[in-house]
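Asker: here you go, sequence then predicted model.
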Amino acid sequence: QVQLVESGGGLVQAGGSLRLSCEASGSIFSINSVAWYRQAPGKQRELVACITSGGSTNYADSMKGRFTIFRDNAKNTVYLQMNSLKPEDTAVYLCNAGIRPTQERYEYSYWGQGTQVTVSS
């Protein structure tokens, strides 16, 4: 069974940094694109950044220049480095990945449980 687990969230002051991790485990044949989303209370879930299997990246406009997504394929892990954090970055950050499990012909979408990021002013 495939699982995604996020970690690295916490409380940080404005201007600070955090690095989030999204680790996939289980019987995995391949991992395709991976994306970070976030959801703040009372707001819709929004895309933060995504990375393809080949390493191409894309960011939401408000994260460009502050956030960096990168992956370590050997560890089945995708990271989100967040710098210059602002109070409006406070949210639950969730990881979503397209994964083909072993002995499966198709790719499926998996979500982690999320990690809380709180930025104080």
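Answerer: That came in fine, so what should we check first?
Asker: what sits up against the one helix or strand residue 38 maps to?
Answerer: Secondary structure from DSSP states H and E places residue 38 in strand 28-39. Strand 28-39 is contacted from outside by 2, 20, 22, 24, 45-53, 69, 71, 73, 76, 78, 80, 89, 91-104, 107, 114, 117, using CB atoms under 8 Å, 6 or more residues apart in numbering. The way it works is simple: take the backbone N, C-alpha and C, and place the C-beta from them, glycine included.
Asker: pairing partners for it, with directions?
Answerer: Using DSSP bridges, the strands paired with strand 28-39 in its sheet are strand 46-51 (antiparallel), strand 91-101 (antiparallel).
Asker: what's near enough to touch the closest residue to residue 40 other than its chain neighbours?
Answerer: With CB to CB, 6 or more residues apart in numbering as the measure, residue 91 is the residue that lies nearest to residue 40, at 4.1 Å, once sequence neighbours are left out. By CB under 8 Å, 6+ apart, residue 91 lies in contact with 38-40, 43, 116-117.
Asker: for beta bridges, what are the partners of residue 91?
Answerer: When bridges are taken as DSSP bridges, the partners of residue 91 come out as residue 117.
Asker: relative to residue 2, how far out is the residue sitting furthest away from the middle of the chain?
Answerer: Residue farthest from the centre of the chain, counting by CA atoms, centre = their mean, is residue 103 at 25.9 Å. Using CB to CB, to the nearest Å, we find residue 103 at a distance of 12 Å from residue 2.
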